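**Q** Predicted model and sequence below, questions to follow.
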Amino acid sequence: MRKVLPVLAVLPFLVNGCISTATSIVKAPFQVAGKAVDWTTTSQEESDRNYGKKMRKQEAEEGKQRKELAKRCKRDPQRSECGQYQGYRAGS
């Protein structure tokens, strides 16, 4: 009986470690699946950032085209394209 009593006193500590390990093992597949979903989907913040980058690029292209048209029209104002700007417009 005396030998059994120390084992019973240590048993809760041993079981606690086993339960913790078992819990980690059970949770692991769900955590991996959650990470995979995070990597494959686009967050709203990331989507907004990408849209802003796209719009800035389009606006830069529009600016270049407008400058080129202004240069051509300054040299020859009688050109047919020198009326109102008909070129690329960002966001349209």
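**A** Received it, and whenever you're ready, just let me know what you need.

**Q** Give the rounded mean pLDDT of stretch 37-50.
**A** Mean pLDDT, stretch 37-50: 84.

**Q** Mind listing what's buried along it?
**A** Across stretch 37-50, burial judged by 16 or more other Cβ atoms under 10 Å covers no residue at all. Every C-beta, even on glycine, is put in place using the N, C-alpha and C of the backbone.

**Q** now swap in stretch 74-85 and tell me
**A** Applying 16+ other Cβ under 10 Å to stretch 74-85 flags no residue as buried.

**Q** Which residues does that stretch contact?
**A** 66, 69, 72-73 (Cβ atoms under 8 Å, 6 or more residues apart in numbering).

**Q** With secondary structure, pLDDT and distance to A22 added, can I get those residues in JSON lines?
**A** Listed next are the contacts of stretch 74-85 as JSON lines, based on DSSP: H, G, I helix; E, B strand; the rest coil; pLDDT from 0 to 100; distance: Cβ to Cβ, whole Å:
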{"residue": "R66", "secondary structure": "helix", "pLDDT": "87", "distance to A22": "67"}
{"residue": "L69", "secondary structure": "helix", "pLDDT": "85", "distance to A22": "71"}
{"residue": "R72", "secondary structure": "helix", "pLDDT": "86", "distance to A22": "75"}
{"residue": "C73", "secondary structure": "helix", "pLDDT": "86", "distance to A22": "77"}
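
**Q** Closest to G34 out of the residues you listed?
**A** Taking Cβ to Cβ as the measure, G34 lies nearest R66 of the contacts of stretch 74-85, at 47.8 Å.

**Q** so where do the helices sit in this structure?
**A** Secondary structure of the chain (DSSP state H): helices at 4-40, 44-75.

**Q** Need the winner for burial among these.
**A** The highest mean neighbour count among those, using mean count of other Cβ atoms under 10 Å, belongs to helix 44-75: a mean of 12.
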